[in-house]
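Participant: Got a predicted structure plus its sequence, pasted below:
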Amino acid sequence: MSAASTRIDPARLRDFIGAAFRKLGMPDDDATIVAALMADADLQGSDGHGVIRLPHYARRIRAGGLNLHPAIRVLQERPGMALIDGDNGMGHLVMTRAAELAIEKARGAGVAWVGTRMSNHAGPASLYARKPLASDMIGMYFAVGNANHLPPWGGLDMLLSTNPIAVAVPAGRHTPIVLDMATTVAAYGKVKAKAQRGETMPEGWMIDRQGKPLTDPRRADEGFLLPIGGYKGYGLALIVGLLAGTLNGAAMGKDVVDFNHNDASATNTGQAIVAIDIAAFGDLDIFKGRVDTLIEDLRGSSRMPNVDRIWLPGEQSSAKRVEYSREGIPISTALRQNLDRLADELGVARLA
C-alpha cells in the first residue's frame, strides 16, 4: 500500500457508494446491488474499476447518459441462450440479470450463453465470471470496452477496445482459478488509476503515434494501448468484440462511444456471459479433485532462479480479498479528495 493511502472498511465503502447513488436518484435496491459490486471490485484489488469510477458515473447520470429506471428485458430466448436489452441501465444491473439468467438456464440446458446490448460499463470482468461459481458452474465473460484505445495491427485509427475476457473455474480444497484479462497489455482502468495517483506507466503498456514508448498516463490520449502478444492480441480483441458486441446488436468498432469524453450519449455496450454446469459433464467432486491436483502440480513445479512462487490466475486477488477484508481497502489520497468533493456536492457523509 502506498504511504499516501488510507484503509477504508469494505462495509463503509459500500454504504458510501450506495448513499451517493441514492442521492443521484437511483432506486434503493439498485443502489445496493451496484454499490456491493463496485466495493467488491476494490476488495479484490481491481482498483481501476471500483470506487474510482463513482465520480464518472455520477457525471454521466447528471448528463442523462445513464437510465436510472431501466426496463431490463429479454428480447430473444431459447433453452440455452438469451439476449437481454439493458435499456441503457447501469452495466452492473444488466450483467447481474444476465448472470442470473445464464445460471438458471444452465441448470436445464447444461450450458447457457446470455448476451446483452444497451448496457454500460460494469466493472471488472471477473465479478461476473465468478457468479456461476456459487452454483458449482464454470463462468465465462466477454465484453466490448467503453472506449477505443487500440488500432488494428499496424494501423492508427482507434477501432477496437480492451475487450476483456474472464473465466472462473471452481476447485475443491483450493481457491477457484479466475482468469481476468484485457486483450491489451493493460486495461485502460489501470492507466486511469496511475494518472490519478501521479505514477508513471511501465514501458510496454502504451506507445505514441510514432511508435515510441508512452509512460505518462496523463498523455494517454496521445497514443494507444498495445495488444497482448502483438498481432494475436489484436485478433483476439476483434473476435471478443464480434461475440460480445456485433452478435448482440451492440456497439463495435467506430460505433463505440468513448464514455471518458462523452457523458450524455448511450454507449450501447455489449457483453456476454456463459454458465457451464459441471455436473452435465460428469461427477462434480471428481472434477474439483482433478482441478486441485492440477493446481498442486503447477505450484509444485520447478521454478526459475529468483522465483519464490508460481501463482495461479486469481490467487493474488483472493489474497487481497482476505487482507482487505481484515485491514481495509487502500484508498489513495488523490481518490479520497475526489470522493470528498463528490460527497460534499451530493450532501452525503464523507468516507470516514
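Facilitator: Received, thanks.
Participant: Paired strands for the helix or strand where Ala275 lies, with orientation please.
Facilitator: Assessed by DSSP states H and E, Ala275 sits inside strand 269-277. When sheet partners are counted by DSSP bridges, strand 269-277 sits next to strand 111-119 (antiparallel), strand 137-143 (antiparallel).
Participant: quick one: the next helix or strand after it to chain centroid distance?
Facilitator: Per DSSP H and E, the first helix or strand lying C-terminal to strand 269-277 is helix 284-299. Mean C-alpha position of helix 284-299 versus that of the full chain (Cα atoms, centre = their mean, to the nearest Å) differs by 27 Å.
Participant: Return the mean pLDDT over helix 284-299, rounded to an integer.
Facilitator: Averaged across helix 284-299, pLDDT comes to 98.
Participant: how about that helix: buried residues?
Facilitator: Neighbour-count burial for helix 284-299 flags 284, 287-288, 291, 295 (criterion: 16 or more other Cβ atoms under 10 Å). Backbone N, C-alpha and C define where each C-beta goes, glycine included.
Participant: Repeat that for stretch 259-273.
Facilitator: 259, 263, 266-273.
Participant: same thing with stretch 71-78?
Facilitator: Ile72.
Participant: again, but for stretch 218-237
Facilitator: 220, 223-228, 233-234, 236-237.
Participant: Met81: which of the residues you listed is nearest?
Facilitator: Nearest to Met81 among those is Leu236, at 22.5 Å by Cβ to Cβ.
Participant: number of nearby residues for Ala280?
Facilitator: Using other Cβ atoms under 10 Å, Ala280 is surrounded by 14 other residues.
Participant: And for it, nearest residue in space, chain neighbours not counted?
Facilitator: Nearest residue to Ala280, sequence neighbours excluded (Cβ to Cβ, 6 or more residues apart in numbering): Gly110, at 3.4 Å.
Participant: Would you mind measuring from that neighbour to Val291?
Facilitator: Separation of Gly110 from Val291 (Cβ to Cβ, to the nearest Å): 19 Å.
Participant: What values do phi and psi take at the residue nearest the centre of the chain?
Facilitator: For the chain, Pro124 is the residue whose C-alpha lies nearest the centre (Cα atoms, centre = their mean; 1.4 Å). Torsion angles at Pro124 (phi, psi; degrees, to the nearest 10) stand at phi -70, psi 140.
Participant: and if you look at Leu339?
Facilitator: According to degrees, to the nearest 10, Leu339 has phi -70, psi -30.
Participant: Am I right that it is in contact with Arg350?
Facilitator: Yes. With contact defined as Cβ atoms under 8 Å, Leu339 and Arg350 form a contacting pair (7.4 Å).
Participant: Those two: which is more packed in?
Facilitator: Leu339 (22 against 12).
Participant: which residues touch the more buried one?
Facilitator: Taking Cβ atoms under 8 Å, 6 or more residues apart in numbering as the contact definition, Leu339 lies against 16, 51, 54-55, 331, 350-351.
Participant: Name the nearest of those residues relative to Val167.
Facilitator: Val51 (25.6 Å).
Participant: Quickly note the distance from the closest one to Ala41.
Facilitator: Taking Cβ to Cβ, one finds Val51 at 8 Å from Ala41.
Participant: same question, Asp216
Facilitator: 25 Å.
Participant: Settle it for me: which of these two has more neighbours?
Facilitator: When Asp216 is set against Ala41 and neighbours are counted by other Cβ under 10 Å, the residue ahead is Ala41, at 25 against 14.
Participant: so which helix or strand takes in that one?
Facilitator: helix 28-43.
Participant: Next, the residue of the chain positioned farthest from its centre: phi, psi?
Facilitator: Computed with Cα atoms, centre = their mean, the maximum C-alpha offset from the centroid of the chain is found at Pro305, amounting to 33.7 Å. Pro305 has phi and psi values of phi -60, psi 140 when expressed as degrees, to the nearest 10.
Participant: Which among the contacts of Leu339 count as buried?
Facilitator: The buried subset of these - by 16+ other Cβ under 10 Å - is 16, 51, 54-55, 331, 351.
Participant: So which of these are in helices?
Facilitator: Among the buried ones among the contacts of Leu339, the members falling in helices (DSSP state H) are 16, 54-55.
Participant: Count the residues that sit near Asp308.
Facilitator: 6.
Participant: what about it, distance to Arg299?
Facilitator: 12 Å.
Participant: repeat for Asp40
Facilitator: 26 Å.
Participant: wait, what's in contact with Leu351?
Facilitator: 8, 12-13, 16, 331, 336, 339-340, 343 are the contacts of Leu351 under Cβ under 8 Å, 6+ apart.
Participant: Restricting to C-alpha, output the lowest-mean-pLDDT helix or strand in the chain in PDB.
Facilitator: Sorting the helices and strands of the chain by mean pLDDT, DSSP states H and E puts helix 188-197 at the bottom, at a mean of 86. Written as PDB, here are the backbone C-alpha positions of helix 188-197 (Å, rounded to 0.1, in the frame of the first residue of the first chain):
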ATOM      1  CA  TYR A 188      -7.400   1.400 -19.500                       C
ATOM      2  CA  GLY A 189      -8.700   1.500 -16.000                       C
ATOM      3  CA  LYS A 190      -5.100   0.800 -14.800                       C
ATOM      4  CA  VAL A 191      -4.000   3.800 -16.900                       C
ATOM      5  CA  LYS A 192      -6.600   6.000 -15.200                       C
ATOM      6  CA  ALA A 193      -5.600   4.700 -11.700                       C
ATOM      7  CA  LYS A 194      -1.900   5.500 -12.500                       C
ATOM      8  CA  ALA A 195      -2.800   9.000 -13.600                       C
ATOM      9  CA  GLN A 196      -4.800   9.700 -10.500                       C
ATOM     10  CA  ARG A 197      -2.000   8.500  -8.200                       C
END
